[in-house]
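Colleague: With the input below, show me the fold.
(2 chains)
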Number of protein chains: 2
Amino acid sequence: MSLFRPLVQQMAGYTPGEQPQESGWVKLNTNENAYPPSPRVLEAVQQTLEGRLNIYPDPLATEFRKVAAELFQVDPDWILPGNGSDEVLTILMRTFVDQGQLVSAPYPSYTLYETLAEIQGARFQKIQLNPDWSWPASAQQLAADSKILFVPNPNAPSGNRWSDADLLSLIPSQGVLVLDEAYGDFCDQPHQGELLKTDRGNQLVVTRTLSKSYSLAGIRFGFAVAHPDLISGMRKVKDSYNCNTLSLAAATAALKDQDWMQENTAKIRATRSYLIEQLRHLGFEAVDSQTNFVWCTHSDREHERRYQELKRRKILVRYMQFSLEEGTLDGLRITVGTDAEIQHVLDALQEIG
Amino acid sequence: MSLFRPLVQQMAGYTPGEQPQESGWVKLNTNENAYPPSPRVLEAVQQTLEGRLNIYPDPLATEFRKVAAELFQVDPDWILPGNGSDEVLTILMRTFVDQGQLVSAPYPSYTLYETLAEIQGARFQKIQLNPDWSWPASAQQLAADSKILFVPNPNAPSGNRWSDADLLSLIPSQGVLVLDEAYGDFCDQPHQGELLKTDRGNQLVVTRTLSKSYSLAGIRFGFAVAHPDLISGMRKVKDSYNCNTLSLAAATAALKDQDWMQENTAKIRATRSYLIEQLRHLGFEAVDSQTNFVWCTHSDREHERRYQELKRRKILVRYMQFSLEEGTLDGLRITVGTDAEIQHVLDALQEIG
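Modeller: Residues are numbered from 1 along each chain as shown, chains lettered A, B, ... in the order given. I've put the predicted structure just below:
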């Protein structure tokens, strides 16, 4: 007898990227930021330590929501904070999707969407992208009946970005389009929630994370930006105290120091251009990424061998495999680290051949 | 058109206790610990700040699980960490309960169980306790068909504790009994997971929090202790990175400093005895609490007036109301604060009359 829900019994569960706990690795596999967070973040946490950890955090995240709202030029009731944007995705699923309803996402994209749909008992539809990562002609029709269409904006693992017109055309007729902008700050021209203010904005949710551009994967903080009508339902599903005192202080301080984030993302954009150029030079096909990672493939298809060879040299990149209608797509996703780290992985790739 | 799930549209959402953000309050309404956390907790967080917040936390919470496992004399695969024990309760619901299935809890008890059942689309059954907080004769039969029976051990808001025999007899036939031991450390004789090692242990889950006895409501940390067969399913539902680097460090350090926790809980037990005695002296009925709060009622039923009068004096206690089959039960739940705080509330109650 299994006590679990049948769907939990059957599912495999999500496998996160490797997180070696010992040092000595060049870690380019989970799209962390190579640069440290703003010193103001550390100061803010320090100050909180002098305060009172024995009392509950502010369940309304008043200060954080105020700062996030200013950034998006909306009112604070447009903001819902989460324990990482992954939790925000879970909240979205539990707010909008009943058992048996349809959840869609482009494919390949972030594999967690499927796991979350599975846990919710939803039907999950992969909308297979064209080989050049553009949307298929059927996308609009396929997406139409979804309760949620999740779209990474820009996409992972490819790093490409679609046009606003493409995105707006995909809004489901009776559901919401979730623009998962985990990597949004790395775009050459980042969005600031402009699409939320269009006349389709009441069916749009933008999610953001502090893990990537703000160098704070360790504190688990993300948030949603959406019309208060949508936020009101999400708030009922959210745990009252889902964000802790330390992470709230860290996240608020991080958002306040936009200069720090902008400087780091600018450095990463420059390194990204170099990485793409050099990968092509080494014979790889590399997508013109708008994120802090680059997806590359080689015509010899020996991606797994290269992943293993890199790992032997204590360089971790992500080897990914996707089953498509017409066979398997695999490749390497390399996080844009520091210049030194990127030179190191490029040298190793040259050596490996 | 509502885009929400109908059940989310209809539900009211959970209302947490008041959390005034300004100082000057005697805050005895949400069962926080009046004493600060161990200094080792602050040191541990400090050290983490010198580390790398830009990388993800350990998704396996290796160090924390090791320390928690030692405390319960089990292997680390018996431990599942959560973002507060509230998140652990959510994970339990999503692991074990399908839409339309039965979830039960004693009533009155922690009101969050019903909210979580609602979000999961479960049927929720309140097993109404006797006026002396003992189980009704029908409890076993009522609980039998539950997928989960949640039992606060000891109970909230009453603070009473049931016998092990009572608890074991309530295990559902095809479900799990969740012993929510948020207040377990305040018992005169705290459990250490002994019931998990009985022959019914494979249908038992114990949840613990660091919010109460470890004075860490601000960091949001809880965990489940259960047979690895049960934990394996819960792990599939859990977000990979549900605990952050700072809270993991804080929680691990807190569990390691058992002396600190024991000293504080001993102080609170002593203050509790005094509070109960004095409340009775003032004409209240007060339950023999095994927690860090005391439930009291007065034969004049003027509980709401007293709550308001206390609030006017900047003393917050919790006024609670429960609809019973035969009318309404209301009363005051007073957190056991410091001796000075408790003297303050007692003096005020005497003055208020």
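Colleague: Now do the SS call for A:Asp188.
Modeller: coil (DSSP: H, G, I helix; E, B strand; the rest coil).
Colleague: contacting residues around it?
Modeller: A:269, A:290 (CB atoms under 8 Å, 6 or more residues apart in numbering or on different chains). C-beta here means a position set from N, CA and C on the backbone, and glycine is covered the same way.
Colleague: And the pLDDT for it?
Modeller: We have a pLDDT of 97 for A:Asp188.
Colleague: now it: how far from chain B?
Modeller: According to CB to the nearest CB, to the nearest Å, A:Asp188 and chain B sit 22 Å apart.
Colleague: Against A:Asn242, how distant is that residue?
Modeller: According to CB to CB, to the nearest Å, A:Asp188 stands 33 Å off from A:Asn242.
Colleague: A:Leu332 falls within a strand, correct?
Modeller: Yes. Membership of A:Leu332 in a strand is supported by three-state DSSP.
Colleague: Export stretch A:242-254 to PDB, keeping only CA atoms.
Modeller: Extracted C-alpha coordinates of stretch A:242-254, given in PDB (Å, rounded to 0.1, in the frame of the first residue of the first chain):
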ATOM      1  CA  ASN A 242       7.000  32.600   3.400                       C
ATOM      2  CA  CYS A 243      10.000  35.100   3.500                       C
ATOM      3  CA  ASN A 244      12.200  35.400   6.500                       C
ATOM      4  CA  THR A 245      13.600  38.500   8.300                       C
ATOM      5  CA  LEU A 246      17.100  38.000   7.000                       C
ATOM      6  CA  SER A 247      16.200  37.300   3.400                       C
ATOM      7  CA  LEU A 248      13.700  40.200   3.400                       C
ATOM      8  CA  ALA A 249      16.400  42.600   4.600                       C
ATOM      9  CA  ALA A 250      18.900  41.200   2.000                       C
ATOM     10  CA  ALA A 251      16.400  41.400  -0.900                       C
ATOM     11  CA  THR A 252      15.300  44.900   0.000                       C
ATOM     12  CA  ALA A 253      18.900  46.200   0.200                       C
ATOM     13  CA  ALA A 254      19.800  44.400  -3.000                       C
END
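Colleague: does any bit of it sit next to chain B?
Modeller: Yes. Contact of stretch A:242-254 with chain B (CB under 8 Å from any CB of the partner chain) involves A:242-247, A:250.
Colleague: could I get those as TSV with pLDDT?
Modeller: TSV is the format used below for those (pLDDT from 0 to 100):
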residue	pLDDT
A:Asn242	96
A:Cys243	97
A:Asn244	97
A:Thr245	97
A:Leu246	97
A:Ser247	97
A:Ala250	98
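Colleague: what bits of the stretch 1-150 of chain A have low per-residue confidence?
Modeller: Residue ranges of the stretch 1-150 of chain A with pLDDT under 70: A:1.
Colleague: go with 80
Modeller: A:1, A:21 (pLDDT under 80).
Colleague: domains for chain A, by residue range?
Modeller: As assigned by automatic domain parsing, chain A contains the domains A:6-36+A:259-352, A:39-257.
Colleague: Could you identify which of these is most buried?
Modeller: Counting by mean count of other CB atoms under 10 Å in any protein chain shown, domain A:39-257 has the highest mean neighbour count of the domains of chain A, with a mean of 21.
Colleague: What is the end-to-end distance of that one?
Modeller: The straight-line separation of the ends of domain A:39-257 (CA to CA, to the nearest Å) is 9 Å.
Colleague: circling back: I'd like the residues of stretch A:242-254 next to chain B as a markdown table, with secondary structure appended.
Modeller: Conversion of the residues of stretch A:242-254 next to chain B to a markdown table gives the following (three-state DSSP):
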| residue | secondary structure |
| --- | --- |
| A:Asn242 | coil |
| A:Cys243 | coil |
| A:Asn244 | coil |
| A:Thr245 | helix |
| A:Leu246 | helix |
| A:Ser247 | helix |
| A:Ala250 | helix |
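Colleague: residues contacting A:His344?
Modeller: A:26, A:315.
Colleague: pLDDT on the helix or strand encompassing it, on average?
Modeller: Element membership for A:His344, per DSSP states H and E: helix A:339-352. Average pLDDT, helix A:339-352: 97.
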